[in-house]
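Engineer: Next input, structure requested:
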Amino acid sequence: MKSALVIGAGPAGLMAAEELAKAGLAVTVAEAKPSPARKFLMAGKSGLNLTKDEPFEAFVAAYEQPALRPMLEAFGPEDVKRWAEALEQEVFTGSSGRVFPKAMKASPLLRAWLARLAALGVEIKTRHRWLGGQSFDTPTDQVTLAADVTVLAMGGASWARLGSDGAWAKRMPDLVAPFQPANMGFAMAWSDHMTPLFGAPVKQVALRAGGIKHRGEFVVSRRGLEGSGIYALSKVMREGAPLWLDLMPDVTLQEIESRLAKAGKQSLPNLLKRLKLDPVKRALFFEFGKDRDTSVAQTLKNLPIAHAGPRPMDEAISTAGGLCFEALSEGLMLKSQPNVFAAGEMLDWEAPTGGYLITACLATGKWAGQHAAQAA
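Structural biologist: Okay, the predicted model is just below:
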């Protein structure tokens with residue numbers, strides 16, 4: 001009986017393991033942490049956004065990585081929904097097109113998935129940290145897990161405490177594009193007057209950076225700017241594009257000017273209150289806009305937000321960078337290491353928030369598992 005080794009028990013690794021087991025191989029999954037899929041479970045605490053219900057071409061384009069297309073064609077958003085439902089997890093689509101399990105958490109789905117894998121004979125060995133090749137460090141000694149084929153699925157370089165520390169990249173530096181934070185917050189050097197507002201959400205704003213406009217919200221925190229509105233622009237901001245806010249996106253410049261004119265001569269704080277700006281928006285105006293040469297109305301519509309760059313990579317939801325597709329075959333086998341395949345966040349692709357991350361992890365895991373089974 002042919003054997004397979006999967007290194008990493010996140011979504012990509014577990015999906016590869018399932019495909020290998022279905023193909024009749026004896027499968028062992030080696031996981032560094034004491035339990036599998038810890039980052040997947042953490043994602044479930046915010047609802048577990050599995051995928052995005054939108055036209056396929058738009059879905060693929062969101063990754064800006066053409067190499068992913070065949071994998072997403074083979075296992076895309078509709079397949080993810082069917083996969084979850086086959087694990088007895090009913091899903092629903094929110095108003096934004098984001099797809100969630102009705103349970104709004106990961107644990108029921110993971111339990112059902114692990115049970116299915118166990119029924120297929122998949123063995124999961126925890127506390128096995130990869131040392132290279134098929135060697136591992138365990139709490140008691142170093143061991144070798146020999147196998148005919150191997151699938152690497154050790155994640156990216158964020159959330160190290162959950163298992164994705166990127167340490168594997170040091171063992172193959174010539175094959176790896178440098179890691180960068182993705183879907184992350186941005187650091188701020190706040191003035192003291194912002195302190196009482198830490199934790200406050202900034203709602204009903206339009207954000208603009210690098211030619212991208214996004215209606216959304218974010219949070220002012222002690223660490224900086226965080227939340228979905230910021231994550232949507234994080235890639236272009238990371239690359240140097242300045243951030244601008246429209247604090248009143250549903251009101252035209254002319255209407256704001258008219259309202260201010262009717263208010264007459266009043267102090268600036270009172271004028272902003274008359275415009276019904278909430279405290280956090282007023283605070284942002286004074287933090288970034290009070291000394292500008294533009295009018296109050298113009299500043300409200302185009303408020304520049306000066307930040308101090310991305311927050312540390314380990315705080316990011318995900319990472320860009322990883323194994324370059326040029327180093328891989330179409331089946332995701334490392335060209336320099338026959339019968340060794342790779343999947344998931346180890347690969348050099350970047351996903352926006354909205355369900356893209358989990359879908360591509362599942363799709364690449366399935367793809368690598370199928371091709372590894374064929375190579376065994």
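Engineer: CA atoms for contacts and neighbours, from now on please.
Structural biologist: OK.
Engineer: the strands in the stretch 101-250 of the chain, which residues?
Structural biologist: Taking DSSP state E, counting those that start in this stretch, the strands of the stretch 101-250 of the chain run over residues 123-125, 129-132, 135-137, 142-144, 149-152, 176-182, 186-187, 200-209, 212-221, 224-226, 243-246.
Engineer: Just name the most buried of those.
Structural biologist: Greatest average neighbour count among the strands of the stretch 101-250 of the chain goes to strand 149-152 (a mean of 27), per mean count of other CA atoms under 10 Å.
Engineer: Just put the strands of the stretch 101-250 of the chain in CSV and tack on mean pLDDT and distance to Tyr63.
Structural biologist: Shown next, in CSV, are the strands of the stretch 101-250 of the chain (pLDDT from 0 to 100; distance: least, CA to CA, whole Å):
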stretch, mean pLDDT, distance to Tyr63
strand 123-125, 98, 31
strand 129-132, 97, 29
strand 135-137, 98, 33
strand 142-144, 98, 36
strand 149-152, 98, 21
strand 176-182, 97, 12
strand 186-187, 98, 21
strand 200-209, 97, 18
strand 212-221, 96, 15
strand 224-226, 97, 21
strand 243-246, 98, 22
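Engineer: how about these in JSON lines, adding distance to Ser3?
Structural biologist: JSON lines is the format used below for the strands of the stretch 101-250 of the chain (distance: least, CA to CA, whole Å):
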{"stretch": "strand 123-125", "distance to Ser3": "11"}
{"stretch": "strand 129-132", "distance to Ser3": "18"}
{"stretch": "strand 135-137", "distance to Ser3": "16"}
{"stretch": "strand 142-144", "distance to Ser3": "14"}
{"stretch": "strand 149-152", "distance to Ser3": "7"}
{"stretch": "strand 176-182", "distance to Ser3": "27"}
{"stretch": "strand 186-187", "distance to Ser3": "45"}
{"stretch": "strand 200-209", "distance to Ser3": "49"}
{"stretch": "strand 212-221", "distance to Ser3": "48"}
{"stretch": "strand 224-226", "distance to Ser3": "44"}
{"stretch": "strand 243-246", "distance to Ser3": "51"}
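Engineer: any idea of the pLDDT on Gly47?
Structural biologist: Here, the pLDDT recorded for Gly47 equals 89.
Engineer: Leu300 contacts Met248, doesn't it?
Structural biologist: Yes. Assessed by CA atoms under 8 Å, Leu300 is found in contact with Met248 at 6.7 Å.
Engineer: And these two? Which one has more around it.
Structural biologist: When Leu300 is set against Met248 and neighbours are counted by other CA atoms under 10 Å, the residue ahead is Leu300, at 23 against 20.
Engineer: Would you confirm that that one belongs to a strand?
Structural biologist: No. Per DSSP: H, G, I helix; E, B strand; the rest coil, Leu300 lies outside any strand segment and is helix.
Engineer: Nearest residue to it in space, please, no chain neighbours.
Structural biologist: Leu247 (5.5 Å; CA to CA, 6 or more residues apart in numbering).
Engineer: burial count for the one you found?
Structural biologist: A count of nearby residues for Leu247, using other CA under 10 Å, gives 23.
Engineer: what helix or strand is the nearest residue to Gly94 once chain neighbours are set aside on?
Structural biologist: By the measure of CA to CA, 6+ apart, the closest residue to Gly94 outside its immediate chain neighbours is Phe100, 7.7 Å from it. Assigned by DSSP states H and E, Phe100 belongs to strand 98-101.
Engineer: Check whether Gly224 really touches Ala187, as I assumed.
Structural biologist: Yes. Counting by CA under 8 Å, Gly224 touches Ala187, with 4.4 Å between them.
Engineer: shared neighbours of the two, anything?
Structural biologist: Contact criterion CA atoms under 8 Å, 6 or more residues apart in numbering; residues shared by Gly224 and Ala187: none found.
Engineer: coming back round to it: what sits against the residue nearest to Leu300?
Structural biologist: Gln204, Val205, Ala206, Lys281, Leu300, Lys301, Asn302, Leu303.
Engineer: how about a cut-off of 10 Å?
Structural biologist: The neighbourhood of Leu247, defined by CA atoms under 10 Å, 6 or more residues apart in numbering, consists of 202-207, 277, 281-282, 284-285, 299-303.
Engineer: just Ser267 next, same as before
Structural biologist: Contacts for Ser267 (CA under 10 Å, 6+ apart) come out as none.
Engineer: Against Leu275, how distant is it?
Structural biologist: Using CA to CA, to the nearest Å, Ser267 is found at 13 Å from Leu275.
Engineer: do the same with Thr294
Structural biologist: With CA to CA as the criterion, Thr294 and Leu275 are 18 Å apart.
Engineer: Phe75 too?
Structural biologist: 49 Å.
Engineer: which of these two has more neighbours?
Structural biologist: Neighbour comparison, Phe75 and Leu275: the larger count goes to Phe75, with 19 against 13 (by other CA under 10 Å).
Engineer: pLDDT score for that one?
Structural biologist: For Phe75, the predicted pLDDT is 98.
Engineer: so it makes contact with Trp367?
Structural biologist: Yes. If you go by CA atoms under 10 Å, Phe75 and Trp367 touch, sitting 8.6 Å apart.
Engineer: Pick out the most distant pair among the contacts of Leu247.
Structural biologist: By the measure CA to CA, Lys203 and Thr299 form the most distant pair in the contacts of Leu247, at 17.5 Å.
Engineer: any low-confidence regions in the stretch 251-376 of the chain?
Structural biologist: For the stretch 251-376 of the chain, no stretch has pLDDT under 70.
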